[in-house]
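Visitor: A structural model of the following input is requested.
(4 chains)
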Protein chains: 2
Amino acid sequence: MGEPDAPGGHAVGPVGTAVGQAVGDIGAYIRAQREHARVSLRQLARTAGVSNPYLSQIERGLRTPSAEILGQIARALRISAEALYVRAGILEQRPAGAIVDAVLADPHLTEQQKHALLEVYQSFRRDSTGADHPE
Amino acid sequence: MGEPDAPGGHAVGPVGTAVGQAVGDIGAYIRAQREHARVSLRQLARTAGVSNPYLSQIERGLRTPSAEILGQIARALRISAEALYVRAGILEQRPAGAIVDAVLADPHLTEQQKHALLEVYQSFRRDSTGADHPE
DNA sequence: CGGGGGCGCTTGCTCCGGCAAGCGCCCAGC
DNA sequence: GCTGGGCGCTTGCCGGAGCAAGCGCCCCCG
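Guide: Below you'll find the predicted structure:
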């Protein structure tokens, strides 16, 4: 796999000891979250529905878990799957927009409709810069 | 691991029998998007960086592509990766009012702008048949 | 007419994600 | 002491994701 863009790279996690942003660190990040939650490896493996040796290998960076596994781990850890996906490099980090996020992820809209909606939204934001900040 | 149906809980799908053949569904969706973009299978495979036989199998539901492959396909099709992930069941569908909530909560928009945005959104949803794509 | 280049699909292979079994370690209770 | 049950880790295997090679088809151009 190549370079994950590693955009800007703010510290996404609530855990202060969060390490760098390399993909291999997804394991370290998971381990940090697990320890922060005071849960044993076997216990997390059980609630996440993965085998304990596999989770061990994931945490030490010996295996690259699939998105499905990441989702199960995220749920067991009570953290958002998006956060893990971003760390795994399969989702771009977009700090800018709750609205943008929601629109893009909505399966009810066609791609053209999404773009149209965001176009309108952006134009609103563009000329209403003083809306909340009176000069 | 069974149903990606998970924590959202409800049967969210606008697509008839939503749960179940997530694989075939996403394949059909990709093929629909590709044909809508008037691109040949080999051509999309080339720009997406996957082999053409593999893309063929994905579209016919014979293979389950990884998130990384899905991301490459999304990029090549110029659609959002989130949409594909949601369809693939690795990202949860947002609750129905996610867009509405996000718009209403945005401090950068005036009330009129919010109303206008939601108007457009509702009109899109009104006549959209979901993933349909005439033409 | 031949042949070169597009299309989509089938086949067979490699490689690795993911698991079951089992290791050594430590601590509580009989 | 020894057993039972927790911990994290190593090993060996299996299924499937993903690709290279090659098939038959159609169209275009010399």
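
Visitor: now the worst-scoring helix or strand of chain A on mean pLDDT, how far from the centre of its chain.
Guide: Ranking every helix and strand in chain A by mean pLDDT, DSSP states H and E puts helix A:98-105 at the bottom, with a mean of 80. Relative to its chain's centre, helix A:98-105 lies at 14 Å (Cα atoms, centre = their mean, to the nearest Å).

Visitor: Can you name the residues in contact with that helix?
Guide: A:94, A:109, A:114, A:117-118, A:121, B:80, B:82-83, B:85-86, B:91, B:93-94, B:98-99, B:101-103, B:105-106 (Cβ atoms under 8 Å, 6 or more residues apart in numbering or on different chains). Just so you know, the C-beta spots here come from the backbone N, C-alpha and C atoms, and that holds for glycine as well.

Visitor: list the buried ones in the lengthiest helix in chain A?
Guide: Scanning chain A for the helix with the most residues, using DSSP state H, yields helix A:111-127. For helix A:111-127, burial by neighbour count (16 or more other Cβ atoms under 10 Å in any protein chain shown) applies to A:111, A:113-115, A:117, A:121, A:124-125.

Visitor: Would you tell me whether it gets close to chain B?
Guide: Yes. Using Cβ under 8 Å from any Cβ of the partner chain, helix A:111-127 reaches chain B at A:111, A:113-114, A:116-117, A:120-121, A:124-125.

Visitor: DNA strand D contacts on chain A?
Guide: Counting by Cβ under 7 Å from any atom of the strand, the positions of chain A adjacent to DNA strand D are A:40-43, A:52-53, A:56-57, A:59-60.

Visitor: Count the neighbours of the residue of chain A found nearest chain B for me.
Guide: In chain A, the residue that lies nearest chain B is A:Ala67 (3.7 Å; Cβ to the nearest Cβ). By the measure other Cβ atoms under 10 Å in any protein chain shown, the count of residues near A:Ala67 is 23.

Visitor: ok so, going back, tilt between the longest helix of chain A and helix A:98-105?
Guide: 170 degrees (axes from the mean of the first three to the mean of the last three Cα atoms, to 10 degrees).

Visitor: re the thing from before, return the member of the buried residues of helix A:111-127 nearest to DNA strand C.
Guide: A:Glu111 (19.9 Å; Cβ to the nearest atom of the strand).

Visitor: Count the neighbours of the spatially closest residue to the closest one that is not a sequence neighbour for me.
Guide: Distances taken as Cβ to Cβ, 6 or more residues apart in numbering or on different chains place B:Ile79 nearest to A:Glu111, at 4.8 Å, with adjacent residues excluded. The criterion is other Cβ under 10 Å. On that basis, B:Ile79 has 21 neighbouring residues.

Visitor: Give me the distance between B:Ile79 and B:Gly97.
Guide: B:Ile79 sits 23 Å away from B:Gly97, taking Cβ to Cβ, to the nearest Å as the criterion.
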